[in-house]
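Q: The following block contains a protein sequence and its predicted model.
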Amino acid sequence: MFEHIQFNSVAEFLQMGKYTFHVWSVYGLFTVFILVNLFLPRVQRRQFIREQRNKALRDAQLAKNTAVEQERDGASGEAS
Amino acid sequence: MWQWFFRLGSPKWFYEMSGKWLPWLLVLMTVLMSVGVFWALLFVPQDYQQGDTIRIMYVHVPVASISLACFPLMAVAGVITLVWKMKLADMVAKCAAPIGAWFTAVALATGAIWGQPIWGTWWAWDARLTSMLIQFFLLIGVIALRSAIESPDAAAKACALLAIVGAINVPIIKYSVEWWNTLHQPASEFSMDEGSAFGPEIWVPLLIMIFAVYCFFVISLILSTRNEILQRERRAQWVMDIVAKEQV
């Protein structure tokens, strides 16, 4: 298998003949493209879950406050 | 068959099933991609004219050909949205547009980098290049249209129509190299003879890369569709359960 490798040394492989920039920039771009598209959805998912949790907390707090207010209003209503 | 079709349209069912498919798809993609990239970079013989730039083909051709799958996919999803009002179809169509724009942009960029040494120019108003650029702008148009319309239902319908109309560009891109004889070469014909211009030692790794990039396309589409499902179904109990349970 290894006798079919087209390069005689690592330096030759990294040089890619006359086309160092062309070959490696294409493979670099490809790598960035793949990594960004695999990780971005994960970041967005985490963001969504954090947002929803904060919203649930706020809603619970709001419901509690309203309940307390109602109770207080009810109590003062009875007193008067 | 119909029961299966409509169950597939249920966002919850799709969310659960795709969660099971994802690890397998990721493994398959990693294996194919590693084999393909190593093969392309180390073992493919240098082209007698192009030298080592032949290795660019193994990125450019898969990315470009899969970018063509995007509009037909959005058009089919659009028909399903218009006829059956299936929610999932519209979510897939929405997520496919930015991914398709990425693929088209990378195909154009890698093509430019390949064209510079081989054709002597980064860009030319060649039929293939121009029709690809039109596809890129059409995809940007679909994304802009969706964000411009406030009502989700109206946006879904408008985008479905634009996707169906935009799909006309795909056969133009595909056959542009045959209809107009400009700069971009036509697709090479596969040959079984080793040592011929496009023999198996050239196209087998290309085929592997095409499958690998297809897996990648499907994975990124599933990942972003899952996010879209969570977003749109956020008031459903099963999504609230996921939000409550998941470690972040």
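A: Received it, and whenever you're ready, just let me know what you need. Residues are numbered from 1 along each chain as shown, chains lettered A, B, ... in the order given.

Q: CA atoms for contacts and neighbours, from now on please.
A: Noted.

Q: buried sites along the helix or strand hosting residue B:37?
A: When secondary structure is defined by DSSP states H and E, residue B:37 falls within helix B:11-38. Using 16 or more other C-alpha atoms under 10 Å in any protein chain shown as the test for burial, helix B:11-38 gives B:11-12, B:14-15, B:18, B:22, B:25-26, B:29, B:32-33, B:36-37.

Q: and the residue in chain A that chain B sits nearest to, what does it touch?
A: Among all residues of chain A, residue A:5 sits closest to chain B, at 4.9 Å; criterion: C-alpha to the nearest C-alpha. Listed by C-alpha atoms under 8 Å, 6 or more residues apart in numbering or on different chains, the contact partners of residue A:5 are B:42, B:43.

Q: May I have the phi/psi pair for it?
A: phi -60, psi 140 (degrees, to the nearest 10).

Q: ok, residue A:38 to residue A:70 distance?
A: Separation of residue A:38 from residue A:70 (C-alpha to C-alpha, to the nearest Å): 49 Å.

Q: Give me the more crowded residue out of those two.
A: Taking other C-alpha atoms under 10 Å in any protein chain shown, residue A:38 and residue A:70 do not tie; residue A:38 has more neighbours (18 against 12).

Q: Let's see the pLDDT reported for that one.
A: For residue A:38, the pLDDT comes out at 92.

Q: ditto for the one 10 residues further on
A: For residue A:48, the pLDDT comes out at 92.

Q: Out of the helices and strands in chain A, which is least certain?
A: helix A:10-15 (a mean of 79; mean pLDDT, DSSP states H and E).

Q: what's the distance between the residue of chain A closest to chain B and residue B:38?
A: Residue A:5 sits 10 Å away from residue B:38, going by C-alpha to C-alpha.

Q: what do you get for residue B:28?
A: Noted for residue B:28: a distance of 16 Å to residue B:38, by C-alpha to C-alpha.

Q: ok, now residue A:73?
A: 74 Å.

Q: What score does residue A:76 have for pLDDT?
A: pLDDT at residue A:76 comes out at 66.

Q: Chain B: helices as residue ranges?
A: Assigned by DSSP state H, chain B shows helices spanning B:2-8, B:11-38, B:57-67, B:70-84, B:87-119, B:127-148, B:152-166, B:169-179, B:200-232, B:237-245.

Q: Ok, chain A next?
A: Taking DSSP H, the helices of chain A run over residues A:10-15, A:20-79.

Q: residues from chain A in reach of chain B?
A: Applying C-alpha under 8 Å from any C-alpha of the partner chain, we find that chain A lies next to chain B at A:4-7, A:13, A:16-19, A:22-23, A:26-27, A:29-30, A:33-34, A:37-38, A:41-42, A:44-46, A:48-50, A:52-53.

Q: Might you report the residue contacts of residue A:42?
A: Counting by C-alpha under 8 Å, 6+ apart, residue A:42 touches residue B:223.

Q: What residues sit buried inside stretch B:96-116?
A: Across stretch B:96-116, burial judged by 16+ other C-alpha under 10 Å covers B:96-115.

Q: near chain A, which of these show up?
A: B:102, B:106, B:110, B:113, B:114.

Q: Give the closest residue to the fourth one in space, chain neighbours not counted.
A: Of all residues beyond its chain neighbours, the one nearest residue B:113 is residue A:22 (5.9 Å), with distances taken as C-alpha to C-alpha, 6 or more residues apart in numbering or on different chains.
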